[in-house]
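[1] below: sequence and its predicted model.
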Amino acid sequence: MSRPETACPACHMDESLKPVPATPSTVAFAICTSCEIRVELVSVPASPKPQPATSATATISQQDFLALVARVDGHDQVLAELAALRKELASVNKQNATLRAELAALKATPAQQQQQTRQTLPRQQQVPRQPPTVAPATQTPITAPITATWAQRAASGTKKKPNARQIAASARAFIPATGPQGFDFVYLPKTRKYQRSEIRSRLRDVGIDTSRVLDIIYPARDVIGLLVHVQYRALLKETLLQKKIETIDSFDPLDPKHIADPRHAPLGTEDRRRLAVDLHRQRLLHGLEKMRPHVSPAVARSYVEIGWIADTDVPQRNTPRHKDAGAAFRKEDTSHKEDALLHKETIDVMSEDSEDDECSLPTSWDQHHNYALPVIDPRDARRRNRGQYGITTLISPTCPFPVLPLPSSSPFISSFRIGTTHIVCCYIPPTLGGPDDSAAYNDILNSIPLLPDTIICGDFNARLGDITGDSITTTRGRILTTWMEDRQLLLWQTPAIFGVPTFCTSRGGEVHQSVIDLFLSNFPADITEMTVRTDLSLSSDHRLVMAALSLPDMVDDTSRPPGRRMWNLSRLQEDEVSALYVRAFSSASQALRVRLLAHLDQPQLGRPDIDGLAEELNELIYSALSRSVGDKKPRPKHWKWFWTPALMDAAAARDYCYRRWNRAVGLDKIPWWERYLTALHAFRLGVKRARRQAYRAFCDALERNFAAATSKIKAIRRRRQTQPTYCHPDGPMVAVETMSQQLASVSDGRFLPADRPIAPELPPGPHGLDESPFTIDSVGAAIRRLPNRKAPGADHLRAEMLKPI
């Protein structure tokens, strides 16, 4: 009987073979549980002792095992190489994507390249690239690309050589001008809408040098205008004519018929003409802002000579952008009445105003308005929410002299009289909207009334050059100089303000300064001081100009009552404070009480001065109130209804930052300008908050008391009505005397009839002449019936002060 071998021929482990029976296609075999090799089973005759396996069988099985091991090792090496190649391929793809991104960035603009470099460099530094780890046989060294900034590439580049046109343009700076000078428009018809870039492209196609076309405008629906030099106009027309393009020689851009917007159809002829002038001026100014700085002044002067724009619109020659550090931070068109009135507490003020409704400014100052004319909105003819040519005269409450406003028929003039001196405040706008601006300007000057002792002040929008220390002399300046010489007017000038600009603005990144706010007179004025307040923050392009002078025959005849005295009367509701007030008054009034009793007991002493006794009693009450409840600082009269001490501090902080910015030099202006803007923003927020709170408190008070609301509404209506008043050129005292004389002449009895009936006898009174109708009880009852919270008279006394004592 045969038995299978149970020991493994490879590892020689007994009982390690696990037999597998034979199948029709395979022979029986066994698998070693220790080394996991396959061993074919051979049946042998049974013997008492087991026989070892033959060498041939063991050798064959061992060779198969070694071949299998070598085969598995080869597979592992192939798998390792495959993994290394995959890792290397991923690294190559990543580097390829990076190179593609850098190549696309090189084709971008310089600004975009710089921005992309700033964004990508930090990420590359934070996550450094690691070289791929592969087998030594397949490892390929790859160098990381070097990312260069735009500045490095620009520095390594070579500068292009100038072409013939650039050389000719540079040479023109050193060649004196010959022939006619100036600029003009050449008008062409168009069939549809074209962009400016498309027009320039088509002009290049027909042989036009577009570098000599300075501006392109659209003055009408089917017309375009090309701005060129007058010496190039003939060549341009000839070139266009060769291409069968005819120009429009008789075109008028100021003709109202070119306004095709149906919204402006309801306008009248004069309004349409004014609108056409305004639209054309806006087109020209927009083009001047886009021109180069060395070209726009010459073009603007040509516009001024034609009469399309004003002298003040001419930009300065060769003015660098941001001439000073503060020019980059100035705002345009920021005029606020609250800021302007803050600095005018003791002077008479004449200022421009854009109010087109008959209303008054929210201030306690006396004000006289020459209301502005409404401006038509080009986008909507029904909107007229802005005015022009308006002038407002503000008289401080502390002014000791009477001011008499005089009527004026011109929208550019506002005049009034102080004593024997006439003051004319004028504002002449930059453009007058007519075909001949110079003639219209001269007509306005001739309409100014020149009475004896006349002072003329205001914004003339004329630059006088060396006369005022300005940089240039404009056409209006020459007209104004001639007008002054013909009428022998004197220009007020002091060394302190000579050359100091009164108008400062920033347009297109350039600073524009001029001296256009002037003072004139037809008599030698005794000027004590003139100042241009450059240190004040008025949020306006104009600067405050102050003048102080001595006028003849000016007497302060205005009797101003003393300031109102106030105390913390609400503390009288406290028992301890009220008792302290009574004790203080009782102890202080003992001497007065003894003196009054002495006069009653001894009538021969004579009658005392009743007014003196009343003043002494009032002073005793004042001192008792000061010792018990304390004084209260009165509110200044020039403060607005919503003004508070906190707003005063905010305004002072804003002015301090503005002064520091104005005095700083260079880059030191930047931090102070930021602080000024922060303080200005905080101040305006505080003003808005205070206005809302004060108005809300006013509305709440009216809701709580219906009677007070009714009386307040009546007072508002009564204040809006024009009250007939009588005034005299020599002041209110003379007016009172004249009126009293008139009333005396009417009521002196001259007009009574000669025969009059006898007057009836007077009935006897309830008390005798020697008996006093007043008792202690009646006086006390009358005092207790007095209403509280009523405004006091000249003696500053209120019912709350009298009731406790």
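    Received the coordinates, thanks.
[2] what's the span of stretch 796-805, first residue to last?
    Start-to-end span of stretch 796-805 (CA to CA, to the nearest Å) is 16 Å.
[3] oh sorry, the question was meant for stretch 201-217
    With CA to CA applied, stretch 201-217 spans 16 Å between its terminal residues.
[4] flag every buried residue along it.
    Within stretch 201-217, the residues that count as buried by 16 or more other CB atoms under 10 Å are 203, 208, 213-217. The way it works is simple: take the backbone N, C-alpha and C, and place the C-beta from them, glycine included.
[5] what domains does the record give for this structure?
    The chain is divided into the following domains under automatic domain parsing: 180-313, 332-550.
[6] now the last one: average pLDDT?
    Average pLDDT, domain 332-550: 76.
[7] list the contacts of the closest residue to Arg204 other than its chain neighbours.
    Once flanking residues are discounted, Arg204 sits nearest to Thr210: 5.6 Å by CB to CB, 6 or more residues apart in numbering. Contacts here follow CB atoms under 8 Å, 6 or more residues apart in numbering; on that basis Thr210 touches 200, 203-204.
[8] make TSV from those residues and add distance to Arg192 and secondary structure to it.
    Listed next are the contacts of Thr210 as TSV, based on distance: CB to CB, whole Å; DSSP: H, G, I helix; E, B strand; the rest coil:
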residue	distance to Arg192	secondary structure
Arg200	16	helix
Leu203	16	helix
Arg204	19	helix
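[9] of all those residues, which comes closest to Ile245?
    Of all these, Leu203 has the smallest distance to Ile245: 9.9 Å, by CB to CB.
[10] quick one: the closest one from Thr247, how far?
    To Thr247, Leu203 is 13 Å away according to CB to CB, to the nearest Å.
[11] returning to that earlier point: dump the contacts of Thr210 to CSV, plus distance to Ala759 and pLDDT.
    Output for the contacts of Thr210, formatted as CSV (distance: CB to CB, whole Å; pLDDT from 0 to 100):
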residue, distance to Ala759, pLDDT
Arg200, 102, 90
Leu203, 104, 90
Arg204, 108, 90
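[12] could you pull out the helices for the stretch 51-200 of the chain?
    With helices called from DSSP state H, counting those that start in this stretch, the stretch 51-200 of the chain shows them at 55-106, 110-126, 150-156, 164-171, 196-205.
[13] tabulate the domains of the chain in JSON lines, adding columns for distance to Asn568.
    Formatted as JSON lines, the domains of the chain follow (distance: least, CB to CB, whole Å):
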{"stretch": "domain 180-313", "distance to Asn568": "55"}
{"stretch": "domain 332-550", "distance to Asn568": "24"}
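[14] span of stretch 764-774 from start to end?
    Distance between the two ends of stretch 764-774: 18 Å, counting by CA to CA.
[15] for stretch 249-269, same thing?
    Start and end residues of stretch 249-269 are separated by 25 Å (CA to CA).
[16] flag every buried residue along that stretch.
    Burial within stretch 249-269, assessed by neighbour count using 16+ other CB under 10 Å, is assigned to 251, 253-254, 256, 258-259, 264, 267.
[17] quick one: mean pLDDT over stretch 217-231.
    Taken as a whole, stretch 217-231 has a mean pLDDT of 91.
[18] contacts for that stretch, please.
    Stretch 217-231 is contacted from outside by 179-191, 194, 199, 203, 212-216, 236, 248, 251, 253, 258, 260, 280, 283-284, 287, 299, using CB under 8 Å, 6+ apart.
[19] same thing but 6 Å
    Stretch 217-231 is contacted by residues 179-180, 182-190, 212-215, 236, 253, 258, 260, 283 when judged by CB atoms under 6 Å, 6 or more residues apart in numbering.
[20] strands - which of the residues you listed land there?
    Taking DSSP state E, the ones among these that sit in strands are 183-189, 215.
[21] just those now: which is nearest Thr98?
    For the ones in strands among the contacts of stretch 217-231, the nearest to Thr98 is Asp215 (46.5 Å; CB to CB).
[22] measure the closest one to His229 for me?
    From Asp215 over to His229 the distance is 12 Å, taken as CB to CB.
[23] still on that earlier bit, tell me which of the buried residues of stretch 249-269 has the lowest pLDDT.
    When those are compared on pLDDT, His264 comes out lowest, with 79.
[24] which stretches of the stretch 601-750 of the chain form strands?
    For the stretch 601-750 of the chain, applying DSSP state E, counting those that start in this stretch gives strands covering 631-632.
[25] point out where it drops to low pLDDT.
    Applying pLDDT under 70 to the stretch 601-750 of the chain flags the ranges 634-641, 722.
[26] and with 50 instead?
    In the predicted model of the stretch 601-750 of the chain, no residue satisfies pLDDT under 50.
[27] ranges for the helices of it?
    For the stretch 601-750 of the chain, applying DSSP H, counting those that start in this stretch gives helices covering 610-628, 645-663, 669-704, 706-720, 732-746.
[28] run through who's touching the first one.
    The contact list for helix 610-628, computed with CB under 6 Å, 6+ apart, reads 567, 577, 580-581, 584-585, 588-589, 795, 801.
[29] ok, 8 Å please
    565, 567, 569, 571, 577, 580-581, 584-585, 588-589, 592, 596, 631, 795-797, 801-802, 805.
[30] give me the buried subset of those.
    So, of these, 565, 567, 569, 571, 577, 580-581, 584-585, 589, 796-797, 801 end up buried under the neighbour-count rule (16+ other CB under 10 Å).
[31] and for Leu536, the neighbour number?
    Burial measure for Leu536: 19 neighbouring residues, criterion other CB atoms under 10 Å.
[32] and Asp436, its phi and psi?
    Phi and psi for Asp436, reported as degrees, to the nearest 10, are phi -120, psi 100.
[33] now do the contacts for the nearest residue to it once chain neighbours are set aside.
    Of all residues not flanking Asp436 in the chain, Gly307 sits nearest, at 5.9 Å (CB to CB, 6+ apart). Contacts for Gly307 (CB under 8 Å, 6+ apart) come out as 434-438.
[34] looking at neighbours, which among those is most surrounded?
    For the contacts of Gly307, the largest number of neighbours (other CB under 10 Å) sits with Asp437, at 22 neighbours.
[35] if I look at that one, how far off is Pro297?
    Applying CB to CB, the value for Asp437 to Pro297 is 18 Å.
[36] before we move on, back to that, is it possible to get JSON lines of the buried residues of stretch 249-269 that adds distance to Leu538?
    Formatted as JSON lines, these follow (distance: CB to CB, whole Å):
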{"residue": "Phe251", "distance to Leu538": "44"}
{"residue": "Pro253", "distance to Leu538": "37"}
{"residue": "Leu254", "distance to Leu538": "35"}
{"residue": "Pro256", "distance to Leu538": "38"}
{"residue": "His258", "distance to Leu538": "39"}
{"residue": "Ile259", "distance to Leu538": "37"}
{"residue": "His264", "distance to Leu538": "36"}
{"residue": "Leu267", "distance to Leu538": "35"}
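[37] show me which of the contacts of Thr210 is closest to Asp700.
    Taking those together and measuring to Asp700 by CB to CB, the closest member is Arg200, at 64.9 Å.
[38] the closest one touches Arg212, doesn't it?
    No: judged on CB atoms under 8 Å, Arg200 makes no contact with Arg212 at a distance of 11.3 Å.
[39] intersection of neighbour lists for these two?
    Shared contacts of Arg200 and Arg212, defined by CB under 8 Å, 6+ apart, are absent.
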